[in-house]
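*Asks:* Need a 3D model of the sequence below.
(3 chains)
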Amino acid sequence: MRKTTNVRLLGALVAFVAVGASCSAQAGDSDPQAFTQIERGRYLAVTSDCVSCHTVPDSNQPFAGGRAIETPFGNIFAPNITPDPETGIGAWSDDEFDAAVRKGIGRTGSPLYPAMPYNAFTKMSRTDVQAIRAYLNTVTPVHNPRAATALPFPFNIRAAMRVWNALYFKEGEYTPDPQKSSEWNRGAFLVDGPAHCGACHTPKSLLGGDKLNQYLQGSYLQGWSAPDITNSTRLGLGRWAVDDIAAFLKTGHNRVSAATGPMAEAVKLSTSQMTDADVRAIATYLKSLPGVEDDVKPLPQDNPAMAAGAAIYRDQCSACHALDGRGVAKLFPSIADSSMVRSADPTTAIRIVLRGARSVATASEPTAPGMPSYGRQLGDGQVAAVLTYMRNMWGGAAPAVAAKDVTRVRSETASRPD
Amino acid sequence: MHKTSRPGLSRRSILLSTATLFIAGATGARARTIAGSLPWEPNAGNPLTPVKLGPWEFFTGDEGRAMEALADRIIPPDPQTPGGKDAGCAVFVDRQLAGPYGRQDGLYIRPPFKAGAKNQGHQMEAGPGQQYRQGLAALDRACKSKYAGKPFAELSDSEKDIVLNGIESGDFQLEGTDGKSFFEQAIRDVQMGFFADPIYGGNRDMVAWKMIGFPGARYNYLDWVNRHNERFPLPPVGMTGRAEWTPQTR
Amino acid sequence: MARRLPKKDVVIIGLGWTGSIMAQELTDEGLDVIAIERGPWRDTPTDFPPSYMQDELRYRVRHELFLRPDQLTFTFRNKMDQTALPIRSWGAFMPPNGVGGGGVHWNAEMWRFLPSDFVLKSHLTERYGKSFMPEDMTIQDWGITFDDIEPFYDRFEHLCGTSGTAGNLKGQIQEGGNPFEGPRSRPYPTPAQPQPFSQTLFAKAARELGYKPFPQPSGNLSTAYTNPLGLRMGPCTYCGFCEWFGCGNYSKASPQTTILPVLVRKSNFTAQDNSEVVRINVDRSGKHATGVTFVDSSGEEWEQQADLVILSAYTMFNVQLLLHSKIGQPYDPIANSGVIGRNYTHQTTSTVNGFFNNKKFNFNPFIASGSIGMCIDEFNGDNFDHGPHGFVGGAYMGQVQTGARPIESTLTPPGTPKWGASWKSAVRDNYLSTVKPGTGVHGSFYAYRDNYLDLDPEYKDRLGRPLMRITMDLHENEVKQNRFMTDKFAEIIKAMGADQLAKHYRTAPYDNTEYQTTHLNGGAIMGTDPKTSAINRYLQNWDVSNLFVLGASAFPQNAGYNPTLTVGALAYWAADAIRNRYLKNPGPLVDA
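*Replies:* Reported below is the predicted structural model:
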């Protein structure tokens, strides 16, 4: 399964690490009255999900920073991006803001950690970013100095980020592909730009850069495996219609699946607030990505894990996910159609069985059904067996999950609060 | 959602996105303020830890022997199904008496204790633990005096049944305790252990469920609700599973 | 000295069915609402998972989801000349505790009362004459009619996704439904549940005897459903662990499945759990409630002020809190004066077990939902002429077996020893072929002058408050009623093909150790006269106009049906009155 240790995801995380906030009292020049610009900025901030990393979860001080962003190299504390002149970005010039968001250059000129996804945000235009700035100027200023980020050597040397940028950062606005529809181009812009989907869904190199040859084919971060979101039939969204993807992004639920974990947060704070046209554009773009097509044969029914898994599934899982594996649309995920269950890295499926999960509540799908925790009732071999069974039933196929995978996830998640 | 103000009812809206805030609390469940979203935490729930075999936790050796003998007469072994002793019913009673049930946790045990009508329910200060302690000792004492020094466990099966029939009918009195109600309690508890989930120590290997045809701790009969008068085909399952849950390595 | 919390518009005491309904309605109105709940927050995946909820010992026998008597209990006696003794462990009923209240562990039997039930006294007097009723029977009219409440029955049915077959659609009798029900404005939101073997056999036998059997209306759903609040429910899987248990797969209607996920998202709603309201505070005038005082789990006292107080605890705790708060005049059975504690009632239930030939019958009795069953209603309420029979009231009856959990469902035919080899073989031979209706006969329980609630002179709770005292006995009218019903029911079980019957009549004295139902009613009843009722037709307290008292404590007497649908409909009815009348002009909605 997961071959490397989790030295992967620096670029995956959204933290805005500006250095040496010296205060020149230069206010931004955005016009606070310009409603159109502010509203455009608000929407771009939503699509960019700025609030997620720049707010301590469940606090009532949005954008005031302080959230610890977990990276394989240590925690990075997100800064305050409210207009507070002293501890926020109130004193920043528009040029300084643009350089930080689109180029990863901090206010003093030293590079940001790519936990701030400037490698995605670079696809936005200067006008876009100025609009975000204009919106941020309207949020309540909060005086909240940022906790110091202390990464171990060599990551504590900011200059090292220059090397990283040389390897992985390609600066430049999104250029539409004239061969494609405007919907497709909008989707590509959102996915690669503000929505920065690759941060979680594209595998990372040892240094945390995107492995572009596995673009959006699934990755691992913060104790979760993010699934393949290409159109791969077996592993990705191949069995989902455009409408399924759009419904998932908009409501957190569809006939197949439910958003949990980090994606629940992304749906709640970002995708559910996108326009219907934008979630369809994202869906259209994702459906155009070919992804891996392979021919994996299901394990035989008489495989010992399959037999044990069948018994466990019948006795413990079928009350919700149904005897035919199809669950109940928008309530209980369809195991039969789930690519997440068949993901090459089964971490997320394992941890959901072990620890349970709460799906996201949205205005249109408020139920937020939850999966109970089975970690104290099922042993590692039993969890592996039932997942192996689910991966290889109902027309699906995937390699067996091993008991040691379950053991690993159990120990890696033991102290996690989520 | 918010409408305009009206007389006598002011409007206040707090923006609380947080799911839970603890107010106070020293013991047990703490009072919480819940707002914004449904509370959730990983590994939630409170599954039981299975009873482990091993020494008695409540009974003394003598009491345990008497209890096992009692369990085996209340539910005698037969060629198809073990008796109460081998099904673990005495272990069940022992663990129940050592736990919250024996301690009367959660019951109203404030004085004064007065005798009342039977339909006013149990009014004695003594809980089930003390009833068993007194009842088993009295049973052994009575047997020893009638059967040449032999305690209940050492009697023959037919002697045991004579004793128990006598207690049930009131003909055979136990000294210092209400033998009839003690035996009724023992019948209830032993049979309860026989039919409860094996996680509690009785119904070992789900022998009682197999005997009667109860498929156990299942949660889905959707495929059988319309199949009238056809035997449900799957074996019983306990809360800790069944043999088929463990992959059989070849 | 209680610590004071910021004032709210509304404080709700108890977050069960009625508290949840009222909170949902009043937050929709824009009011800032806090609900204070004595027990813990509970939810499906965290507290009722289908992995360990199927535990008969833990949840049925040891009552894990219920209130514990050491937190609060009652004293009990049959007659006024007896000394009441404390209920040290639960018997005849099981009071709920925690968010969701009884809505968590009920069977979800969704019955409407008959039109005549709401005007019971005038209806019976008109038909049979005043002297037909026993002298000490204190039945009353409700102050509302079936037509008043029908829209709210409909709302609650649709909230819950109720599975059933309509019997009377806008006056048109429908094939397959209950022909005796009052006219309904809409069909049930989901079709009736499929019926297992013995239930089907009961319907066939009943039909052959000339009755019109129909499926019991059920809050365990036959199919997936999305309710008007946008909440999704799944199909019931007939696990047979419904009553006493929380539902693990979102298929039983409960506050958790039908309201709370929407309610908790609202910025003007807050819930406070593990906190027991000990007093409703009233100002010097005695006409205006200022809020409540509650005690959290550490014993700390808090005061929550509010403009509107909703008392929505369980029947018994509503009455007890009114007595402790000195709101309303306590009932005095000797003087026949006062209102708080008056007309306390229960449910007259009994059953008949049928033992069948196990070579021919395998009922798979463990396959069931909480409200599965085929019923007849020929003998309920005043659906038949009581003239020749010398009693009033009635019952529905049916094969409503809700499972066969083995500790309580290993029955043996009459005459079998209670232990030993022949007991064991009888259990083996009968388990799969016994018909064991939960409450096969589910009858009305009318009110009497000497069945009432007051404060006990001797026993105290953990906080030093007097326990509430229950004085309750079965009267001859109910005993006669039950004998008649049980015999009628036995005829049908016999006609199903049973070899042996065991009839369990309900007899006097009322037995507080044997579970009957948790359908306790009255004590703070609704009515038209403040001398004989605690609350008016809108469930508003006669004395304190900013206090509404919800729940079955409002029932002047109990009909022959499960109470919850009426309890929920009354909550919607009261909420409607608050939203459309009270808030426009706070004060008494009916002149005393």
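*Asks:* May I have the secondary structure class of the residue of the stretch 51-200 of chain A found nearest chain B?
*Replies:* Chain B sits closest to residue A:58 of the stretch 51-200 of chain A, with a gap of 4.0 Å, by Cβ to the nearest Cβ. The way it works is simple: take the backbone N, C-alpha and C, and place the C-beta from them, glycine included. Assigned with DSSP: H, G, I helix; E, B strand; the rest coil, residue A:58 falls in the coil class.
*Asks:* That one and residue C:111: what is the separation?
*Replies:* As judged by Cβ to Cβ, to the nearest Å, residue A:58 and residue C:111 stand 43 Å apart.
*Asks:* what's the neighbour count on whichever residue of the stretch 151-300 of chain A sits closest to chain B?
*Replies:* At 9.1 Å from chain B, residue A:268 is the closest residue in the stretch 151-300 of chain A, using Cβ to the nearest Cβ. Using other Cβ atoms under 10 Å in any protein chain shown, residue A:268 has 18 neighbouring residues.
*Asks:* Would you double-check that it falls in a strand?
*Replies:* No - Residue A:268: not assigned to a strand; according to three-state DSSP it is helix.
*Asks:* how much space between it and residue A:360?
*Replies:* 5 Å.
*Asks:* what do these two both touch?
*Replies:* residue A:252 (Cβ atoms under 8 Å, 6 or more residues apart in numbering or on different chains).
*Asks:* Let me see the contact set for the residue of the stretch 151-300 of chain A closest to chain B.
*Replies:* Neighbouring residues of residue A:268 by Cβ under 8 Å, 6+ apart: A:252, A:360-362.
*Asks:* Now residue C:480: which helix or strand?
*Replies:* Per DSSP states H and E, residue C:480 falls inside helix C:476-495.
*Asks:* and that helix, which residues are buried?
*Replies:* Burial within helix C:476-495, assessed by neighbour count using 16 or more other Cβ atoms under 10 Å in any protein chain shown, is assigned to C:477-479, C:481-486, C:488-490, C:492-495.
*Asks:* do stretch C:370-377 as well
*Replies:* Neighbour-count burial for stretch C:370-377 [16+ other Cβ under 10 Å]: C:370-377.
*Asks:* And residue A:58 and residue C:111? Which one has more around it.
*Replies:* residue C:111 (25 against 13).
*Asks:* how about the more buried one, what does it touch?
*Replies:* C:216-217, C:396, C:561-562, C:565-566.
*Asks:* What about the residues you listed, which are in strands?
*Replies:* Members of those lying in strands (criterion: DSSP state E): residue C:396.
*Asks:* Residue C:545: which of the contacts of residue C:111 is nearest?
*Replies:* Residue C:545 has its nearest neighbour among the contacts of residue C:111 in residue C:566, at 23.8 Å by Cβ to Cβ.
*Asks:* What's the per-residue pLDDT of the closest one here?
*Replies:* Looking at residue C:566, its pLDDT stands at 98.
*Asks:* For it, list the residues it contacts.
*Replies:* Residue C:566 touches C:111-113, C:149, C:153, C:552, C:555, C:559, counting by Cβ under 8 Å, 6+ apart.
*Asks:* can you check residue A:82 too?
*Replies:* Counted by Cβ under 8 Å, 6+ apart, residue A:82 has contacts A:61-65, A:88-90, A:136, A:139-142, A:144.
*Asks:* and what of residue B:163?
*Replies:* B:139, B:142-143, B:146, B:152, B:155, B:172.
*Asks:* Could I have the PyMOL command that selects the buried members from the contacts of residue A:268?
*Replies:* For the buried members of the contacts of residue A:268, the matching PyMOL selection, counting by 16+ other Cβ under 10 Å, is:
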select buried, chain A and resi 252+360+361+362
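*Asks:* from the contacts of residue A:268, which two are the most distant?
*Replies:* Greatest spacing in the contacts of residue A:268, by Cβ to Cβ: A:252 and A:361 (7.5 Å).
*Asks:* Drop anything exposed from the contacts of residue A:82.
*Replies:* For these, a neighbour count by 16+ other Cβ under 10 Å gives the buried set as A:61-65, A:88-90, A:136, A:139, A:141-142, A:144.
*Asks:* What is the nearest of the residues you listed to residue A:264?
*Replies:* Nearest to residue A:264 among the buried ones among the contacts of residue A:82, with distances taken as Cβ to Cβ, is residue A:62, at 18.2 Å.
*Asks:* quick one: the residue nearest to the closest one when sequence neighbours are not counted and residue C:200, what's the gap?
*Replies:* Leaving aside its chain neighbours, residue A:62 sits nearest to residue A:55 (5.0 Å; criterion: Cβ to Cβ, 6 or more residues apart in numbering or on different chains). Distance of residue A:55 to residue C:200, given as Cβ to Cβ: 58 Å.
*Asks:* quick one: which of the two has more around it?
*Replies:* Legend: neighbour count by other Cβ under 10 Å for residue A:55 and residue C:200, higher for residue A:55 (24 against 19).
*Asks:* so that one sits right up against residue A:67, yeah?
*Replies:* Yes - contact criterion Cβ atoms under 8 Å: residue A:55 and residue A:67 qualify, at 6.3 Å.
*Asks:* any idea which residue sits dead centre in chain A?
*Replies:* Closest to where the C-alpha atoms of chain A average out (Cα atoms, centre = their mean) is residue A:200, at 4.2 Å.
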